[in-house]
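Novice: sequence isn't available, so here's the structure alone:
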């Protein structure tokens, strides 16, 4: 069962969250390939996109490889949001997502992202400008509010729906909580009760038990997986299939997981070039190693040694050779565990 976003319908109810430095085109293509219901680009600054800043152009790729192609825009000025939306559609965006949830100081400090929840009139002005410039559906991502004294997500969601927003995603923390403590999934229910458009719950979901609890507590139509997908781009699709069999994918076998990580690595190098690609790949390899350690496919020392070895290499071919060797070790470890 999917979720309708304008004329589009997602293939299931488990989405991949936009995450700066993580959900670039290589990661999103694989998450899409392995069954995520929807994938969203990294946050793209609307003014920097219009000014053709190279890093923002690179963040805005994926049209043709991902369908529907969702591009997330951030900004503070209506003019830039409108122009950014126009350009996003020229690039191939099927859906535009507005960021009003990023808690980062460099974003909120410039009165963008979650800082917009302190001024709902201004926030709605940005939504109106984006909608006027868009012939594709526009969605909105937010937090519960700025802080515990400003929990205004239901009001913003209601006003956004009246303006024409097609879907709302709510992270179950305030801006001032950043990622501390636990997301309050029950508080998202106040948003689902305030609107009739689809609402997606976000924050801390990592397991199928989490997903089911998120949906029950929030009353949301779907969930968005963020940090739970670190090191495993197949995970949203796996959770979707566990939630509703047939809507996603089975969890890949360990050898296939390692092969996917190698494929991801190749895509990163192709996307960024060798020097930047090798550096960008390190966090993804580190996350994957941590997950295999947690599955007892690597003991603590083995994982630490692989991390120390792979993450200090500078040549793409050397890292690739190391990953091939690691895959062989993981395959043998999985066979031993299965036989035990």
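Specialist: Structure's in. What do you need? Here the structure is a predicted model, which means the values were calculated and not measured.
Novice: what about the residue lying closest to residue 151 once chain neighbours are set aside, which helix or strand?
Specialist: Closest residue to residue 151 apart from its sequence neighbours, by CB to CB, 6 or more residues apart in numbering: residue 145 at 4.0 Å. For every residue, glycine as well, the C-beta is placed using N, CA and C. Remark: residue 145 resides in no helix or strand, with elements defined by DSSP states H and E.
Novice: what of residue 302?
Specialist: Going by DSSP H and E, residue 302 is part of helix 300-310.
Novice: repeat for residue 325
Specialist: Using DSSP H and E, residue 325 falls in helix 316-339.
Novice: how far does that helix sit from the chain's center?
Specialist: 28 Å (CA atoms, centre = their mean, to the nearest Å).
Novice: any idea of the mean pLDDT in it?
Specialist: When pLDDT is averaged along helix 316-339, the result is 94.
Novice: in the helix or strand of the chain with the lowest mean pLDDT, what counts as buried?
Specialist: Least confident helix or strand, the chain: helix 105-108 with a mean of 77, by mean pLDDT, DSSP states H and E. Neighbour counts over helix 105-108 (16 or more other CB atoms under 10 Å) mark 107, 108 as buried.
Novice: same check on stretch 72-84?
Specialist: 72, 73, 74, 75, 76, 77, 78, 80, 81, 82, 83, 84.
Novice: among those residues, which one lies nearest to residue 295?
Specialist: residue 72 (31.9 Å; CB to CB).
Novice: surely that closest one forms part of a helix?
Specialist: No: assessed by DSSP: H, G, I helix; E, B strand; the rest coil, residue 72 does not belong to a helix; its assignment is strand.
Novice: so who does it touch?
Specialist: 18, 40, 41, 42, 43, 44, 96, 97, 98, 99, 141 (CB atoms under 8 Å, 6 or more residues apart in numbering).
Novice: so the fourth one touches residue 25, yeah?
Specialist: No: taking CB atoms under 8 Å as the contact criterion, residue 42 and residue 25 are not neighbours in contact, 9.2 Å apart.
Novice: re the thing from before, ok, of the buried residues of stretch 72-84, which one's closest to residue 119?
Specialist: Distances from residue 119 to the buried residues of stretch 72-84, taken by CB to CB, are shortest for residue 76, at 10.2 Å.
Novice: from what I see, that closest one and residue 113 are in contact.
Specialist: No: the criterion here is CB under 8 Å, and residue 76 misses it with residue 113 at 9.2 Å.
Novice: can you give me the buried ones in stretch 131-150?
Specialist: 131, 133-134, 136-146.
Novice: what's the closest of the residues you listed to residue 12?
Specialist: Closest to residue 12, out of all of the buried residues of stretch 131-150 and judged by CB to CB, is residue 139, at 16.7 Å.
Novice: and for the closest residue to that closest one other than its chain neighbours, the neighbour number?
Specialist: Nearest non-adjacent residue to residue 139, counting by CB to CB, 6+ apart: residue 167, 4.2 Å away. Residues lying near residue 167 (other CB atoms under 10 Å) number 28.
Novice: likewise for the one 5 residues further on?
Specialist: Taking other CB under 10 Å as the neighbour definition, residue 172 ends up with a count of 26.
Novice: just to revisit the earlier point, what mean pLDDT does the very next helix or strand once past the least confident helix or strand of the chain get?
Specialist: Sequence order places helix 120-132 as the next helix or strand after helix 105-108, per DSSP H and E. Averaged across helix 120-132, the pLDDT comes to 97.
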